[in-house]
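A.B. asks: Just a sequence and a predicted model for now, questions to come.
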Amino acid sequence: MSNLERLSGCFREVFIDDDNKKTAHTLSYERRGTLESFLKLLTGYSEFLERLSGEDKEGKAFNANLYEILKEKTINILLSSDGLSKNISPGGAEKIRFLFRESVFEYIFKSDLLRRFYEKPRGYPGDYMMFEMIYDQYNSSKGIGAYFDKFIIDNTLSSAVINRKEIMKKILAEFFASTERDVVNIANLGCGGCRELREFFSESRNVSKRVNCSLVDQDMEGLALSEKELSSYPNVRMRIYNQSVIQILGLTDKKDPAFFDNYDLIYSMGLIDYFLNSTLERFIEFFYNKLRPGGTLVVASCDSQYPEVYLPLGWFCDWNFYKRDAVALQNFFRKFLGAMSVEIIREENGHVFFLIVKKLTQNV
């Protein structure tokens, strides 16, 4: 029995268990049809990857036509896998994801990009190096891995991540151009490698204000990179918080130093994508109250409009997000904070949006 035949049997058993027919080896006609169609597609996909992998072993150069075929087949199998998971219980869906990954891992994880995204060597999804690889449009894997590098980088979600960085740089430029303060306090929550700040200061040498930057991240490696790169700018002073935002919010047993007050700008690029709504409420309230009157809170979020763009990271790498509706979140901010000025900015693909919240200059 081949590995794929064994896994096909495992897929069938998941569906049988889900029907609470543990002693039966039959499925309803409709569910069997859905499953067998998926397994046929998965078999064809695996055979294609095996052929492509064999060509790479022969030392053949990257083939653009084969890449387009891989791209189409990969999108189709991901859509089919996602559709299959919606036809089963949540517990069964998790098993389906595991079995799917086991079916294709020997090919997809030839991609250094996908392997890091899946293994999460820093202990959590979305570490600073993952984003550095996306920003740099990583494409250094060998063989079939190069095809999957390109597949991920070509995904419009990767473009949205790069666009998010560029939008944040524009927000920073507008902030520095509009503030009248000679000394400004800003905080970057879940800062990672601070790529947007590093590029902003590199490209904006005329920023003469003294900038006090609070950098917050659970990962000391990302903080060390940020501190090293930003220390070359004499007008930038850094305060390092090597804690998770969850700790700062007081949602763990660990006691942490008090977080500084009176910020002019606090921003987060994607951190809330990992928060339940209950945590999000605490996050908004806490950091809004850390702004000085007239200060600005900037929050970037994954958009729920196009769920299909998240399938590669979810199915290949178990990297998942809480996606939100921009207008609903805007209304929530207004209601929860009593803030009248809550602006939405969308990146061009529609996969990421920013909410920009201005704190009232005085109590009303």
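C.D. replies: Alright, I've got the coordinates.

A.B. asks: quick check: longest helix of this protein.
C.D. replies: Ranked by residue count and defined by DSSP state H, the top helix of the chain is helix 29-57.

A.B. asks: what packs against that helix?
C.D. replies: helix 3-18, helix 64-85, helix 90-108, helix 144-154 (3 or more CB pairs under 8 Å, 6 or more residues apart in numbering; DSSP states H and E). Glycine gets a C-beta too; all of them are placed from N, C-alpha and C.

A.B. asks: tell me the angle of it relative to helix 144-154?
C.D. replies: In terms of direction (axes from the mean of the first three to the mean of the last three CA atoms, to 10 degrees), helix 29-57 departs from helix 144-154 by 120 degrees.

A.B. asks: what's the most buried one of the helices and strands packed on helix 29-57?
C.D. replies: Most buried of the helices and strands packed on helix 29-57, by mean neighbour count (mean count of other CB atoms under 10 Å): helix 144-154, with a mean of 21.

A.B. asks: and that one, what does it pack onto?
C.D. replies: Applying 3+ CB pairs under 8 Å, 6+ apart, we find helix 144-154 packed against helix 29-57, helix 64-85, helix 90-108, helix 112-119.

A.B. asks: got a list of contacts for it?
C.D. replies: Contacts with helix 144-154, where a contact means CB atoms under 8 Å, 6 or more residues apart in numbering, come from 49, 52-53, 56, 62, 66-67, 70-71, 74, 107-114, 117, 134, 137-141, 158, 312.

A.B. asks: Now the buried members of these.
C.D. replies: Neighbour-count burial (16 or more other CB atoms under 10 Å) is assigned, among the contacts of helix 144-154, to 49, 52-53, 56, 66-67, 70, 74, 107-114, 117, 134, 138-139, 141, 158, 312.

A.B. asks: Please name the residues that touch the residue sitting nearest the centre point of the chain.
C.D. replies: For the chain, the residue nearest the mean C-alpha position is residue 126 (5.8 Å; CA atoms, centre = their mean). Applying CB under 8 Å, 6+ apart, we find residue 126 in contact with 192, 270, 273-274, 319.

A.B. asks: do the same with residue 97
C.D. replies: With contact taken as CB under 8 Å, 6+ apart, residue 97 is in contact with 81, 85, 314-315, 318.

A.B. asks: Among these, show me the least confident.
C.D. replies: Among these, residue 85 has the lowest pLDDT, at 90.

A.B. asks: Could you double-check that that residue sits in contact with residue 96?
C.D. replies: Yes: Residue 85 is in contact with residue 96 according to CB atoms under 8 Å; the separation is 5.2 Å.

A.B. asks: Domain map for the protein?
C.D. replies: For the chain, automatic domain parsing gives the domain ranges 1-108, 158-311+320-358.

A.B. asks: Just send those back as CSV, with distance to residue 151 too.
C.D. replies: As requested, these are exported to CSV (distance: least, CB to CB, whole Å):
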stretch, distance to residue 151
domain 1-108, 6
domain 158-311+320-358, 10
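
A.B. asks: Out of the ones you listed, which one sits most buried?
C.D. replies: domain 158-311+320-358 (a mean of 17).

A.B. asks: Quick check: closest non-adjacent residue to residue 201.
C.D. replies: Nearest non-adjacent residue to residue 201, counting by CB to CB, 6 or more residues apart in numbering: residue 233, 5.0 Å away.

A.B. asks: tell me which element the one you found is part of?
C.D. replies: Assignment of secondary structure by DSSP states H and E places residue 233 within no helix or strand.

A.B. asks: do the same with the one 10 residues further on
C.D. replies: Residue 243 is part of no helix or strand when elements are defined by DSSP H and E.

A.B. asks: hmm, back to that, and the residue nearest to the centre of the chain, that's in a helix?
C.D. replies: No: going by DSSP: H, G, I helix; E, B strand; the rest coil, the assignment for residue 126 is coil, not a helix.

A.B. asks: So it versus residue 152, what's the distance?
C.D. replies: According to CB to CB, to the nearest Å, residue 126 and residue 152 sit 14 Å apart.

A.B. asks: and if you look at residue 76?
C.D. replies: 17 Å.

A.B. asks: returning to that earlier point: which of the contacts of residue 97 lies closest to residue 5?
C.D. replies: The closest of these to residue 5 turns out to be residue 81 (CB to CB; 18.4 Å).

A.B. asks: nearest spatial neighbour of that closest one, skipping sequence neighbours?
C.D. replies: Spatially, and ignoring its direct neighbours in sequence, residue 81 is nearest to residue 100 (5.3 Å; CB to CB, 6+ apart).
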